[in-house]
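Asker: give the three-dimensional model of this entry:
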Amino acid sequence: MDLITLPKDFHFQIYEVVNKRIYEKYGSEAWNLFHQKTIDSLHAIRMYFGVPVYINNWYEDGELSERGFRELFTT
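Answerer: Model prediction:
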């Protein structure tokens, strides 16, 4: 399995796209749960619109935690 390559001007942190359990278990290694095309698409969307894109906000005590990478048995 190839490791994920993040663009130099990538605007996302891993905790924004995974839930708390995944983040605490894998940390920055959680990027490798994604396919490279997913990372490239996320970057392309952000660059196209030129504005922040919000996915999860659980790390700021927000309510959003399952809008990015979703574990198998979540709702």
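Asker: drop to CA atoms for contacts and neighbour counts, all remaining ones
Answerer: OK.
Asker: chain neighbours aside, what residue packs nearest to Gln36?
Answerer: Closest residue in space to Gln36, ignoring its immediate chain neighbours: Ile4 at 5.7 Å, by C-alpha to C-alpha, 6 or more residues apart in numbering.
Asker: how about that neighbour, phi and psi?
Answerer: phi -70, psi 140 (degrees, to the nearest 10).
Asker: before we move on, what about Gly50?
Answerer: According to degrees, to the nearest 10, Gly50 has phi 70, psi 20.
Asker: tell me, how many residues neighbour it?
Answerer: 9 (other C-alpha atoms under 10 Å).
Asker: okay, now the unreliable bits of this structure?
Answerer: 1, 74-75 (pLDDT under 70).
Asker: dump the residue contacts of the residue positioned nearest the centre of it.
Answerer: The centre of the chain sits closest to Val17, judged by C-alpha atoms, centre = their mean, with a distance of 2.5 Å. Val17 is in contact with 55-56, 67-69, counting by C-alpha atoms under 8 Å, 6 or more residues apart in numbering.
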